[in-house]
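Enquirer: Model the structure of this input:
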Amino acid sequence: MTDIEGEMLDSYYPGLKDIPTEQFVAKMPMMSSVVNEMVFMQCETEDDAAQAAAILQDRINVQAGGGAWYPESMEAWSRGIVIQQGTYVCMVASAEHQDEISGGFNQKFL
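Expert: Numbering: from 1, shown residues only. Below is the predicted model:
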């Protein structure tokens, strides 16, 4: 997995870098035909988190709507999820580990 940063971050998630964060991790495979993209962040406020969630959901919608090009990839993106827990937000789009990763994130808030 490699970090999503710089121009790629701006391209994939327009406006996300402008949201103040306490913690931020965005990862994707360097090379893979399998969907596996994740963002985890702790924002300064819940309003910032809601704004981040909207940007992340836009990424899922674009990819699922044809941006991912291949039918299997678009299907995997359509199962992608954005979760907000207070000031924490995550986006998980993983063809092979979707439920495991998103469930693990939610488990931290029980």
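Enquirer: Spatially central residue for this structure, please.
Expert: residue 91 (2.8 Å; C-alpha atoms, centre = their mean).
Enquirer: quick one: secondary structure of that residue?
Expert: strand (DSSP: H, G, I helix; E, B strand; the rest coil).
Enquirer: Need the three-state assignment for the residue nearest to it when sequence neighbours are not counted.
Expert: Ranked by C-beta to C-beta, 6 or more residues apart in numbering and with sequence neighbours excluded, the top spatial neighbour of residue 91 is residue 56, at 3.8 Å. Where C-beta positions appear, they are placed from N, C-alpha and C, glycine not excepted. Classification of residue 56 using three-state DSSP returns helix.
Enquirer: and residue 56, what does it touch?
Expert: By C-beta atoms under 8 Å, 6 or more residues apart in numbering, the contact set of residue 56 is 13, 16, 39, 82, 89, 91.
Enquirer: ok, now with 6 Å
Expert: Residues in contact with residue 56 (C-beta atoms under 6 Å, 6 or more residues apart in numbering) are 39, 82, 91.
Enquirer: Spell out, range by range, the strands that occur in this protein.
Expert: 2-3, 21-28, 36-43, 81-85, 88-94 (DSSP state E).
Enquirer: Let's have those strands in CSV, adding distance to residue 71 and mean pLDDT.
Expert: Listed next are the strands of the chain as CSV, based on distance: least, C-beta to C-beta, whole Å; pLDDT from 0 to 100:
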stretch, distance to residue 71, mean pLDDT
strand 2-3, 25, 95
strand 21-28, 20, 97
strand 36-43, 17, 97
strand 81-85, 20, 98
strand 88-94, 15, 97
